[in-house]
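Chemist: 3D, please:
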Amino acid sequence: MPMVSCKPSTPGDVAGFVRDMRAAATPFEIIGSGAMRGYGPPSAAAAVLDMSGLAGIIDYNPSELVLTARPGTPLAEVRALLAASGQHLAFEPPDLAPLWAGKAGAGTLGGALATGLSGPRRPFAGAARDHFLGFEAINGSGECFVAGGKVLKNVTGYDLPKLMAGSLGTLAIFTEVTVKALPAPAHTATLALPGLGLAEALAAMQLALGSNVTITGAAHLPSCAAIGGGPATLFRLEGGPRAVAAQADDLRAALKLLAPHTELLPAPESLALWQQIGA
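Modeler: Prediction:
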């Protein structure tokens, strides 16, 4: 593994390092916490740019649903700040560090956007790229540039944040990122259909997702500990407690021929389950 060559604390440090590496024709790897280092092929770079020192919330306006931070800011810090105002990152960036024996919860906001990965809510609320509003970055020549904006309704010509999301640091290095936050659901539950085979599960998912019930996560697990270890087809329901209960009843009615037996998992079990599914 290459040694850490630079741990910048300012965007100027990043620009200077990039210019030095360019002059020396030296390829380098960009990491934040290293939580996603196992994602993709291993790096053969001769140097490392460790962005974990460029961290911290720059601005957060709950009424505007917009948060700006340095890329090395831990996702756990971002989630806690948003949760205090009843908001969240709706694209649910997954926590994949444990897949490579890393520490759970160690990911950064910049890493989430650089990988562009999203969680179970992605088909219903959009991907990381859809919640990425703007950024400041350093290009391969060590020059700073800005794209996007810091408001929800913004028109800036080329939508570079969408291009940068998922680019894995190959196009530029984030020094500041702005993301959209959304109100977090007041209540969460999961309707579980135990024991369905693959064909029945697929039919149930097609029927449920085509119904008028607002579903924010759908999955079929061959083994689900939350219902005793057997196969389970799962639908996440969110909203006020009464609305969730009503949606569960509607979904049971729509699926009664395919799945006469269902279980409704309450909030604590549901939250833990979808976090595991996302990872």
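Chemist: Show me where the stretch 101-250 of the chain has its helices.
Modeler: 109-115, 122-125, 160-164, 198-209, 241-255 (DSSP state H, counting those that start in this stretch).
Chemist: and among these, the most buried is which?
Modeler: Compared across the helices of the stretch 101-250 of the chain, helix 109-115 shows the largest average neighbour count, a mean of 27 (mean count of other CB atoms under 10 Å). All C-beta atoms are positioned from the backbone trio N, CA, C, and that covers glycine.
Chemist: picking that back up, closest one to residue 229 among the helices of the stretch 101-250 of the chain?
Modeler: Residue 229 lies closest to helix 198-209 among the helices of the stretch 101-250 of the chain, at 16.2 Å (CB to CB).
Chemist: That closest one vs helix 241-255, what angle?
Modeler: Going by axes from the mean of the first three to the mean of the last three CA atoms, to 10 degrees, helix 198-209 is angled at 130 degrees with respect to helix 241-255.
Chemist: Restricting to C-alpha, output helix 198-209 in CSV.
Modeler: Taking Å, rounded to 0.1, in the frame of the first residue of the first chain, the C-alpha atoms of helix 198-209 are listed here in CSV:
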residue,chain,number,x,y,z
LEU,A,198,-38.8,-16.3,-6.3
ALA,A,199,-41.7,-16.3,-8.8
GLU,A,200,-44.3,-15.5,-6.2
ALA,A,201,-42.0,-12.8,-4.7
LEU,A,202,-41.6,-11.2,-8.2
ALA,A,203,-45.3,-11.2,-8.8
ALA,A,204,-45.9,-9.6,-5.3
MET,A,205,-43.4,-6.9,-6.0
GLN,A,206,-44.8,-6.1,-9.4
LEU,A,207,-48.3,-5.9,-7.9
ALA,A,208,-47.3,-3.8,-4.9
LEU,A,209,-45.2,-1.3,-6.8
